[in-house]
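# All I have is the shape, not the residue letters:
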């Protein structure tokens, strides 16, 4: 019920032109050449999702400007996505289970004991809690006071209501984390450049986002299930590598889920590779598989009805 009410509220704001939309060139190659993939998100809300024809990045365009997104996030957006504005115990326990998987990935690739970690957009801090149990020195920032206060109360963590550009740490960080946050950024390049200033010389950047090529299990091969108006970008491992390499980060590891680790470097940015054709072929293949599965499911349901 909360989700439906919030959807109607957001739709009303859109109908009344309350949100300001802005055109944006590709966030990797700066090209204005896009091909539209969808006009609505998974909730049925108006949201234009397009693919860059010059590099293959999928992004929302036009999109809300920063002040409109700020209002959207402060106006009960979690009612739309999780069905509640404040985190309850069920939500917290669910986030811990997700965080444990992310921590296992990080522990496989990095030594966590004693390192300084900053999480950007930490929410309640479930991931920081699981990392702290591994011996890490953790700190988190977010703009949602409700979730930060819940995290402080439940986990007793060091959390701040601020953003990356206002942060003034006494020491640099060994690891900076963006876990299901990077896809929400209007200016990911600015964040990457700021991360380089806040990391130690041997520091690491972790980015976890929904992967475009990972729609089989979580989204049942249906790309449209992946879309939501709060997401600005949709990355594959290839397009994320394009963006990070343009900002002088070298890949340590990246899968299509996407969980990835990166190190700053001083190399000149390489030529951007165009993944438009590969991405379109992949999406069309998955669309055909989804349609075939839907037809089979419909035929099975019809057979059951006829046999009753």
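Good, I have the coordinates. All values reported here derive from a predicted model rather than from experimental measurement.

# got the contact list for residue 100?
Contacts here follow Cβ atoms under 8 Å, 6 or more residues apart in numbering; on that basis residue 100 touches residue 130. (Glycine included, C-beta is placed from N, CA and C.)

# how about a cut-off of 10 Å?
By Cβ atoms under 10 Å, 6 or more residues apart in numbering, the residues touching residue 100 are 126, 127, 129, 130, 133.

# among those residues, which are in helices?
Taking DSSP state H as the definition of helices, the contacts of residue 100 contribute 126, 127, 129, 130.

# all strands of this structure, in order?
Under the criterion DSSP state E, the chain carries strands at the ranges 21-22, 34-40, 46-52, 58-60, 63-64, 116-120, 137-142, 159-161, 173-179, 199-208, 233-234, 249-254, 259-264.

# Starting from the longest one, tell me which strands it pairs with and how they run.
On the basis of DSSP bridges, the sheet neighbours of strand 199-208 come out as strand 173-179 (parallel), strand 259-264 (antiparallel).

# possible to save those as CSV with mean neighbour count and distance to residue 103?
Output for the strands paired with strand 199-208, formatted as CSV (neighbours: other Cβ atoms under 10 Å; distance: least, Cβ to Cβ, whole Å):
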stretch, mean neighbour count, distance to residue 103
strand 173-179, 23, 10
strand 259-264, 21, 11
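
# Select, out of those strands, the one closest to residue 162.
Of all the strands paired with strand 199-208, strand 173-179 sits nearest to residue 162, with 14.4 Å by Cβ to Cβ.

# that older thread, and the ones in helices among the contacts of residue 100, which is closest to residue 273?
Closest to residue 273 out of those is residue 127 (31.2 Å), distances taken as Cβ to Cβ.

# Show the contacting residues for that closest one.
By Cβ under 10 Å, 6+ apart, the contact set of residue 127 is 95-96, 98-103, 106, 117, 119, 138, 140, 177, 179-180, 206, 208.

# Could you do residue 227 as well?
By Cβ under 10 Å, 6+ apart, the neighbours of residue 227 are 37-38, 40-43, 45, 47, 49, 58, 60, 210, 219, 234.
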